[in-house]
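Engineer: here's a sequence, model it:
(one chain, ligands or ions: 2)
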Amino acid sequence: MTLLSIEHLTKAFDGVQAVDAVSFDLEAGQLLALIGPNGAGKSTCFNMINGQLKPSSGAIRLNGRDIAGMRPRDIWRLGVGRTFQIAATFNSMTVLENVQMALLSHERRVFSFFGRVASWKQDEALALLDLVGMAAHAQRSCAVLAYGDVKRVELAIALANSPKLLLMDEPTAGMAPQERNALMALTAQLAKERDIGVLFTEHSMDVVFSHADKLIVLARGKLIAQGDADTVRRDPRVREVYLGTGASFAPRAVLSADLSAGESA
Ligand code: ADP
Ligand code: MG
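Structural biologist: Ligands and ions are numbered 1, 2, ... in the order given. Okay, the predicted model is just below:
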């Protein structure tokens, strides 16, 4: 069964169609990139899927069940995880404690981190940190981590909930190109190994074309193209949105180079 099936999803803010009758599918194990200029409606889509926003209309089916309009907590319990959601306590704890906390909250336990409970789920937490290449940093405070390492810890925290669907809104924002590629390569590998469907937004076309199995392009709330990297790269409407006048997607020169790169290859 299709993991995520979006049908005619629509959100209007004061008469403005931020997301306008968007439909697409995502299979387990697949990386689907949602791209488009600023204001295209990407975050609004994400926030409807995770329950932060109620759709004006349309369906969001997770393994066949319509979750549109459900509360964020209930959607999370059904296996929809997300990164980019640092808890307020993140910086006051070690890397290991943050992942332990996520594992415990997955079990819905009420707990205190002090005293004997500190060893709970330690092995499992270390195994997750090992997966994202952060086991050696387990005892460090999150406050002192490099930016790319914080992103890896965020990924381990998201995996602690054993998500079926992982939503990543601009997961590599602020990262250097090499780090971006490393994080998305790791995400792709884990998605395949664990059969997780990943929906992500990303500004670097290089990262998108390298790691996404499928792309969805939004412009002014409407889905204007979808398919694999080659299909989307060649789509005249996509080229217009990215390269034509009025596109707010930057830097244009880089995108232009990225879009043409595939043609000579
Ligand atoms: P993206 O993530 O693709 O940059 P967004 O989903 O954030 O785009 O925004 C899509 C459109 O919806 C924009 O025109 C934005 O101004 C508008 N919008 C987003 N959130 C709100 C809100 N809470 N209230 C009013 N308008 C909003
Ligand atoms: Mg956004």
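Engineer: phi, psi for the nearest residue to Gln52 once chain neighbours are set aside please.
Structural biologist: In space, Gln52 comes closest to Pro72 once its chain neighbours are excluded; the distance is 5.8 Å by Cβ to Cβ, 6 or more residues apart in numbering. Glycine gets a C-beta too; all of them are placed from N, C-alpha and C. When read as degrees, to the nearest 10, the backbone of Pro72 gives phi -50, psi -40.
Engineer: can you show me the strands along this structure?
Structural biologist: Counting by DSSP state E, one finds strands in the chain at the ranges 4-13, 16-26, 31-35, 57-62, 65-66, 80-82, 165-168, 197-201, 214-219, 222-227.
Engineer: turn those into a markdown table, columns for mean pLDDT.
Structural biologist: What follows is the strands of the chain, written out as a markdown table (pLDDT from 0 to 100):
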| stretch | mean pLDDT |
| --- | --- |
| strand 4-13 | 98 |
| strand 16-26 | 97 |
| strand 31-35 | 97 |
| strand 57-62 | 98 |
| strand 65-66 | 97 |
| strand 80-82 | 91 |
| strand 165-168 | 96 |
| strand 197-201 | 96 |
| strand 214-219 | 96 |
| strand 222-227 | 96 |
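Engineer: go through these and name the closest to Ala185.
Structural biologist: strand 31-35 (10.4 Å; Cβ to Cβ).
Engineer: and the closest one with strand 4-13, angle?
Structural biologist: Between strand 31-35 and strand 4-13, the angle comes out at 20 degrees (axes from the mean of the first three to the mean of the last three Cα atoms, to 10 degrees).
Engineer: so how far is strand 31-35 off the chain centroid?
Structural biologist: Here the centre of mass of C-alpha atoms in strand 31-35, compared against the chain's by Cα atoms, centre = their mean, to the nearest Å, lies 9 Å away.
Engineer: using CSV, write out every CA atom in it.
Structural biologist: Once non-C-alpha atoms are left out, strand 31-35 reads as follows in CSV (Å, rounded to 0.1, in the frame of the first residue of the first chain):
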residue,chain,number,x,y,z
LEU,A,31,13.1,10.0,-0.9
LEU,A,32,10.7,12.6,-2.3
ALA,A,33,12.0,16.2,-2.7
LEU,A,34,9.5,19.0,-2.6
ILE,A,35,11.0,21.9,-4.4
